[in-house]
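Asker: this one's structure only:
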């Protein structure tokens, strides 16, 4: 059999084709979209939202960093000169306002902004720097079984929590770690005035067993019987009730502070187009229907499915929060709070 020896010309042509294929493959890899998301959302909420987003945008690779609100904002500030995140998903609005005022957020109006309620987006700029996804109020989670065994009645008012019988029975988030903790404090300042709010917190501190570093943990501790009362927000308590925990979620009668959780694109993002797609999805009908599984109050008009066992009267109890005042006074309030009450912090 005669052996086949390719000509020099044919060998050069094959080599050229291989180089061309390699370059084309490298270009396709380089052009694949990637997205880095920093989020303070609850894990279940974040996971469901991102799964639905990737079903719609399967070509985008999502890198994620989840933590409590305080560490997320601190990390963004530390990375200000060399931002690694493309988008912030589920951070508290006072934190986003602080970043906005440092020039760290890129203005963007997501598709469907006209369907977003007024209180849920930045209205100080022609194009918003942040857009809300959901809102929640401060709430009290009470373990009915543990309360009965200790002879402690279900609280109805914030003032109930400073009664002597609650001594050592209450957990609350540290506001330096958790937006939920800061939300509670800002609400008390709105309801009582700042001086009386500090007096209230002095009295409450006597009954606190521990300040924890997660906004949802006080309700989870109450559900597990590790505390009788947890000061947090409704969603984790409602989830615990729906999972069978002997818990009630109370909206205190004096009124409650509220918090908006939002999405914002980082100025200087490496992947701005992918970030815009996620911002669009977070503001979309589908995105808000997912938010509504975890929160009764969501940003988009007309999305209001009842959440089983969610406490009644939350929206009516909301006090009018000035998020810009909270952002401007945040550092001062947190420093004073830590000086007064940090001795009962949960170890990190």
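Answerer: Right, received. Where do you want to start? Given the structure is predicted, the values throughout are model-derived calculations rather than measurements. Numbering: from 1, shown residues only.
Asker: and residue 228, how many neighbours?
Answerer: A count of neighbours around residue 228, defined by other Cβ atoms under 10 Å, yields 27. Where C-beta positions appear, they are placed from N, C-alpha and C, glycine not excepted.
Asker: Actually, residue 170.
Answerer: As a measure of burial, residue 170 has 25 neighbours, counting by other Cβ under 10 Å.
Asker: Excluding chain neighbours, give the residue nearest to it in space.
Answerer: Counting by Cβ to Cβ, 6 or more residues apart in numbering, residue 170 lies nearest to residue 229, which is 4.5 Å off, once chain neighbours are set aside.
Asker: hang on, the one you found packs against residue 161?
Answerer: Yes. In this structure residue 229 lies within contact range of residue 161 using Cβ atoms under 8 Å: 6.8 Å.
Asker: shared neighbours, those two?
Answerer: 140, 155, 170 (Cβ atoms under 8 Å, 6 or more residues apart in numbering).
Asker: Just those residues: which are in strands?
Answerer: Where the shared contacts of residue 229 and residue 161 overlap with strands, as defined by DSSP state E, the overlap consists of 140, 170.
Asker: export the shared contacts of residue 229 and residue 161 to CSV and tack on distance to residue 253 and pLDDT?
Answerer: As requested, the shared contacts of residue 229 and residue 161 are arranged in CSV below (distance: Cβ to Cβ, whole Å; pLDDT from 0 to 100):
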residue, distance to residue 253, pLDDT
140, 11, 98
155, 10, 98
170, 18, 98
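Asker: of the shared contacts of residue 229 and residue 161, closest to residue 276?
Answerer: Each of those was scored against residue 276 by Cβ to Cβ, and residue 140 proved nearest at 39.0 Å.
Asker: Tell me where the chain is predicted with low confidence.
Answerer: Within the chain, the segments meeting pLDDT under 70 span 1-31.
Asker: Quick one: the shared contacts of residue 229 and residue 161 as a markdown table, columns for distance to residue 201 too.
Answerer: Formatted as a markdown table, the shared contacts of residue 229 and residue 161 follow (distance: Cβ to Cβ, whole Å):
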| residue | distance to residue 201 |
| --- | --- |
| 140 | 15 |
| 155 | 16 |
| 170 | 12 |
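Asker: Just want to know which of residue 229 and residue 161 has more residues nearby.
Answerer: The residue with the greater number of neighbours, taking residue 229 and residue 161 and applying other Cβ under 10 Å, is residue 229; the counts read 29 against 20.
Asker: Pretty sure residue 189 sits against residue 200.
Answerer: No. No contact is recorded between residue 189 and residue 200 when judged using Cβ under 8 Å, the distance being 9.5 Å.
Asker: The two: which has the busier surroundings?
Answerer: With neighbours defined as other Cβ under 10 Å, residue 189 and residue 200 compare such that residue 189 has more, 23 against 19.
Asker: contacts for the helix or strand containing that one?
Answerer: Mapping residue 189 onto the secondary structure by DSSP states H and E places it in helix 179-192. With Cβ under 8 Å, 6+ apart as the test, helix 179-192 has contacts from 40, 68-70, 91-92, 94-95, 137-138, 158, 172-175, 197, 200-201, 211, 215-216, 231-233, 254-259, 319-321, 326, 330, 333-334, 337.
Asker: hmm, 6 Å instead?
Answerer: The set of residues that contact helix 179-192 without belonging to it, under Cβ atoms under 6 Å, 6 or more residues apart in numbering, is 69, 92, 138, 173-175, 197, 200, 215, 231-233, 254-257, 259, 319, 326.
Asker: and these, which are buried?
Answerer: Neighbour-count burial (16 or more other Cβ atoms under 10 Å) applied to the contacts of helix 179-192 gives 69, 92, 138, 173-175, 197, 200, 215, 231-233, 255-257, 259, 319, 326.
Asker: Show me where the stretch 101-250 of the chain has its helices.
Answerer: Per DSSP state H, counting those that start in this stretch, the stretch 101-250 of the chain has helices spanning 144-149, 179-192, 194-205, 217-223, 234-242. These are given in chain order.
Asker: and the strand ranked longest in the chain, what other elements does it pack with?
Answerer: Of all segments of type strand in the chain, defined using DSSP E, the longest is strand 258-266. Counting contacts by 3 or more Cβ pairs under 6 Å, 6 or more residues apart in numbering; DSSP states H and E, strand 258-266 is packed against strand 87-92, helix 93-101, strand 131-137, helix 272-283.
Asker: For residue 80, find the nearest of the ones you listed.
Answerer: Closest to residue 80 of these is helix 93-101 (Cβ to Cβ; 8.8 Å).
Asker: For the closest one, which helices and strands make contact with it?
Answerer: strand 258-266, helix 323-341.
Asker: Can you give the contact residues for the first one?
Answerer: In other words, strand 258-266. Under the criterion Cβ under 6 Å, 6+ apart, residues 83, 85-90, 92-93, 96, 105-106, 108, 130-137, 183, 275, 279, 282, 318, 321 lie in contact with strand 258-266.
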